[in-house]
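Asks: Provide a 3D model corresponding to the input given below.
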Amino acid sequence: METHRKKRIEMIVEAPLENRLVDLFDQLSVKGYTVIPAISGRGQDGVWRREGLVSDAGQMIVLVCIVDPSRADDVVDRLYESMANRIGIITVSDVDVIRDDHF
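Replies: Numbering: from 1, shown residues only. Next up is the predicted model:
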């Protein structure tokens with residue numbers, strides 16, 4: 001089986017940023033992404049939980065996309081500009097995919 005090297009970009013950010021970041025994925029022609037609700041976690045400020053929050057303001061989400069390595073730096077730079085002053089983290093990792101044309 002042949003695989004193809006790509007970059008997986010994963011962000012954990014505040015839920016109110018979802019529409020802005022999804023719109024940015026569309027502007028950057030990212031072919032696919034997934035948005036996942038984050039249930040709980042621990043960060044610099046300690047433990048947080050989605051449970052009991054009455055609005056999206058304190059909730060977190062995970063956004064994941066996979067892009068060609070030649071596009072990864074540009075996508076990450078643009079995502080970072082959109083969330084630099086907010087709570088969140090961006091990670092980039094190497095992945096191997098089977099369907100090269102999907103990314």
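
Asks: Show me the shaky parts of this structure.
Replies: By pLDDT under 70, the low-scoring segments of the chain are 45-58.

Asks: now the strands: where do they sit in it?
Replies: For the chain, the strands defined by DSSP state E cover 4-14, 33-38, 40-43, 46-49, 60-67, 88-97.

Asks: Mean neighbour count, the ones you listed: which tops it?
Replies: strand 60-67 (a mean of 20; mean count of other Cβ atoms under 10 Å). Every C-beta, even on glycine, is put in place using the N, C-alpha and C of the backbone.

Asks: Parallel or antiparallel, list what pairs with that one.
Replies: Strand 60-67 has its sheet partners listed here by DSSP bridges as strand 4-14 (antiparallel), strand 33-38 (antiparallel).

Asks: Dump the ones you listed into CSV; add distance to residue 87 as well.
Replies: Below are the strands paired with strand 60-67 laid out as CSV (distance: least, Cβ to Cβ, whole Å):
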stretch, distance to residue 87
strand 4-14, 5
strand 33-38, 11
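
Asks: Of all these, which one is nearest residue 22?
Replies: With respect to residue 22, and counting by Cβ to Cβ, the nearest of these is strand 33-38 at 7.1 Å.

Asks: any idea how far residue 18 is from the residue nearest to residue 90 when sequence neighbours are not counted?
Replies: Of all residues not flanking residue 90 in the chain, residue 11 sits nearest, at 5.0 Å (Cβ to Cβ, 6 or more residues apart in numbering). According to Cβ to Cβ, to the nearest Å, residue 11 and residue 18 sit 10 Å apart.

Asks: which residues are common contacts for the two?
Replies: Here residue 11 and residue 18 have residue 63 as joint contacts, going by Cβ atoms under 8 Å, 6 or more residues apart in numbering.
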